[in-house]
Structure formats: C-alpha cells, structure tokens
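Participant: predicted model follows, preceded by the sequence.
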Amino acid sequence: HPPEKQIIGTYSMGDPSMPTDTTVYLAITMDGTYTLYRQFVLLEEGEFNLNENSILLNSGSGYYDRRDTIVLWNDEKINVFTRISDIPEFINVPGKTG
C-alpha cells in the first residue's frame, strides 16, 4: 500500500491535464477550512470535518481514501476529485490569494 497522505492540498474534478472553465476545484487548508470553486467563481467555503475516511462539508459528505481521491455526494450526484497538488491552490478565485 502507498503511504497515507494528509488531506491538505488541491483536488480537481475531471481530467486535471485538461482543465476547462467548468472544472471544479477543492482546496483544503491546514487550518481546517475548504474552498470549492471554479475559476473566477467561488462555489462554497467553510470548515470541514474529517473522521477516519469520512469528510463532512457544508453541502454534503464524502469519502477520502487517505491518498489522492475525495468522493463527494450531494443531491444524489457523486463527484470524484483527484489530487493535483499537495498545496492548497486558489486559481483565479474571487477574494482569495494563494
């Protein structure tokens, strides 16, 4: 098994090598907060709660495989996010720097 990783970092829905303006990103910071965004659009931010493999956000819950994948479900949709960076990155997010 590869070693477990901290959840801190940036994750992307879809193909990270082919980002579009509809690509959704999830940035998770060391201080226990997260930002869900598309470029130039802040979708949601808040505090997250991680318990074993379960992650809880304002808009729903999900699963962290303790490596490079976060699966979130809300409104009966399942969204898979893949780690693109071990650093929380805010790419063209209104009101955010980083």
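Facilitator: Great, that's in hand. Residues are numbered from 1 along each chain as shown.
Participant: what's the per-residue pLDDT of the closest residue to residue 21 other than its chain neighbours here?
Facilitator: In this structure, residue 21 finds its nearest non-sequential neighbour in residue 39, 5.8 Å apart by Cβ to Cβ, 6 or more residues apart in numbering. In short, each C-beta sits where N, CA and C put it, glycine included. Reading off the confidence values, residue 39 has pLDDT 91.
Participant: go on, the one 3 residues further on?
Facilitator: Note on residue 42: pLDDT of 96.
Participant: on that earlier part again, assess the claim that the residue nearest to residue 21 and residue 24 are in contact.
Facilitator: No - using Cβ atoms under 8 Å, residue 39 makes no contact with residue 24, being 9.8 Å away.
Participant: next, give phi and psi for the residue nearest to residue 21.
Facilitator: The phi and psi values for residue 39, taken as degrees, to the nearest 10, are phi -60, psi 130.
Participant: separation between it and residue 48?
Facilitator: 21 Å (Cβ to Cβ, to the nearest Å).
Participant: which one of those two is surrounded by more residues?
Facilitator: residue 48 (19 against 16; other Cβ atoms under 10 Å).
Participant: correct me if wrong: that one contacts residue 30.
Facilitator: No - in this structure residue 48 lies outside contact range of residue 30 using Cβ under 8 Å: 11.7 Å.
Participant: from residue 40, how far off is residue 70?
Facilitator: Separation of residue 70 from residue 40 (Cβ to Cβ) stands at 22 Å.
Participant: what's the helix or strand for the residue nearest the centre of the chain?
Facilitator: Centroid-nearest residue in the chain: residue 26, 2.5 Å away (criterion: Cα atoms, centre = their mean). Element membership for residue 26, per DSSP states H and E: strand 25-28.
Participant: tell me where the model's unsure across this protein.
Facilitator: Along the chain, segments meeting pLDDT under 70 span 97-98.
Participant: okay then, goodbye and thanks.
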